[in-house]
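In: sequence unknown, structure follows:
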Ligand code: V47
């Protein structure tokens, strides 16, 4: 089965809305706080009752978060688009010297950090290409420079793919003991001010898809290693899944299953007790949620962010990309399968604010932040300036029937007075 449903000739039978008795068994298991199986996942993806799937995801989301929905005031910094890789799905990368290639200087980065603070941001989300020539010190200097001018900003920086690249640049990456090099890099970055890792670079945990669409990038085992080491060092991290290109829906479920196994391990390290099947399900009676109070003792996945593939300008431009209903369904399935992830984010930049509002009713509890500059995907021909205001984010959340809560990166509640803020 292909990922996209946009067949021009006939109505899609999977989107006809008929109710499906198979969802009743799934509902019962969810109400008992049990983990859904891969077969359940196949049902969630193959049922024509898409609204039934969304309703189940909403039920789980409300058990975890009630009517709270989170947003933050943040800035994204894409420090360079020069990349040693040439992933087929990516229209962001350039080669050194290509027209449009750029690498930000430390002075430019300091200026970005100052303007983020002036706008009241609590977080800077920092990612870039795998620059073949920048030394390791560029990255530690970058974090230190931001810390100097903006000590209150949380630095959520560098995907697992960048972390491995930095280990290679620093010449500490050894194939026979790769975690040693990863640990070395993360320790040095943490010392320089790294606060957490974003979820990018995961794409789809499948070797066939990897070899066809992003060969050269790290594979799933290495991506998971980076996040495990980060967790061991007490850093919280996020995870993504990039769907709607050449993968099929079952491969998405395998990706989700691998993530939830990794999260079981992370939570077990923090003292959580698995059930008889080895699962740690956050909706099971008596299981506490990894709460902001625990953030001091971090070391787990906070959020899954399903990312819909945007074909424009990429080598996979001939593909249509996922449609709106597929986006809703994938977000709801992620909420239901990833029962040990506290949060599900609808990243409005890629989903649009209108879709993010629908997604809040289908399992999402977070819509990311004010963003401002985003260079990796440009929705509907937008340029890199993609900004929304805190007022708009709150309007979108309220309009979906939820209570907006401004959070910091670690999901602690923020009390704000203009650009001044403190933790509750
Ligand atoms: O890793 C690249 C994806 C990711 C395309 O952790 C594309 O809070 C769609 O990871 N179409 C970067 N997606 C973005 C990311 C992220 C975003 C928001 C919040 C967080 C978080 C993480 O963007 C990349 C890649 O998977 N991407 N090209 C494309 N054409």
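Out: Perfect, I can see it now. All figures in this text were calculated on a predicted structure; none of them were measured in a lab. Numbering: from 1, shown residues only.
In: per-residue confidence averaged over stretch 62-75?
Out: The pLDDT scores in stretch 62-75 average 96.
In: Can you list the buried residues in that stretch?
Out: Along stretch 62-75, these residues count as buried under the neighbour rule (16 or more other CB atoms under 10 Å): 64-65, 68-75. C-beta coordinates here come from the backbone N, C-alpha and C atoms, glycine included.
In: now stretch 387-399
Out: Neighbour-count burial for stretch 387-399 [16+ other CB under 10 Å]: 388, 390, 393-394, 396-397.
In: again, but for stretch 340-354
Out: Neighbour-count burial for stretch 340-354 flags 340-351, 353 (criterion: 16+ other CB under 10 Å).
In: can you tell me which of the residues you listed lies nearest to the ligand?
Out: Taking CB to the nearest ligand atom as the measure, the ligand sits nearest to residue 347 out of the buried residues of stretch 340-354, at 4.4 Å.
In: Tell me who's in contact with the closest residue to the ligand within the stretch 151-300 of the chain.
Out: Sorted by distance to the ligand under CB to the nearest ligand atom, the residues of the stretch 151-300 of the chain start with residue 200, at 2.6 Å. Each residue near residue 200 by CB atoms under 8 Å, 6 or more residues apart in numbering is listed here: 127, 159-161, 240.
In: Can I get the buried ones among these as something I can paste into ChimeraX?
Out: Buried members of these can be picked out in ChimeraX with the line below, counting by 16+ other CB under 10 Å:
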select :127,159,160,161,240
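In: Okay, and which of the contacts of residue 200 map to helices?
Out: 160-161 (DSSP state H).
In: Excluding chain neighbours, what is closest to residue 267?
Out: residue 280 (4.8 Å; CB to CB, 6 or more residues apart in numbering).
In: Now do the same contact list for the one you found.
Out: Counted by CB under 8 Å, 6+ apart, residue 280 has contacts 263-264, 267-268, 272-274, 287, 340.
In: so when I look at it, I'm seeing a helix, right?
Out: No: for residue 280, which was evaluated using DSSP: H, G, I helix; E, B strand; the rest coil, the result is coil, with no helix membership.
In: now it: how far from residue 263?
Out: Residue 280 is 8 Å from residue 263, where distance means CB to CB, to the nearest Å.
In: picking up where we left off before, of the buried residues of stretch 62-75, which is the nearest to residue 222?
Out: Each of the buried residues of stretch 62-75 was scored against residue 222 by CB to CB, and residue 74 proved nearest at 27.4 Å.
In: Verify the stated contact: that closest one with residue 123.
Out: Yes: Residue 74 is within contact range of residue 123, at 4.0 Å (criterion: CB atoms under 8 Å).
In: can you pull out the helices in the protein?
Out: Secondary structure of the chain by DSSP H: the helices cover 22-31, 38-46, 50-65, 106-118, 136-149, 160-169, 178-192, 207-213, 220-232, 249-269, 324-337, 348-351, 353-360, 390-399.
In: For residue 235, which non-adjacent residue is closest in space?
Out: Spatial nearest neighbour of residue 235, excluding adjacent residues (CB to CB, 6+ apart): residue 196 at 5.5 Å.
In: can you list the weak-confidence ranges in the stretch 151-300 of the chain?
Out: Along the stretch 151-300 of the chain, the model assigns pLDDT under 70 to residues 294-296.
In: Enumerate the residues of it near the ligand.
Out: Residues of the stretch 151-300 of the chain that fall close to the ligand, judged by CB under 6 Å from any ligand atom: 159, 198-201, 203, 238, 240, 242.
In: run the last query once more with 8 Å
Out: Where proximity means CB under 8 Å from any ligand atom, the interface of the stretch 151-300 of the chain facing the ligand comprises 156, 159, 161, 197-203, 237-240, 242.
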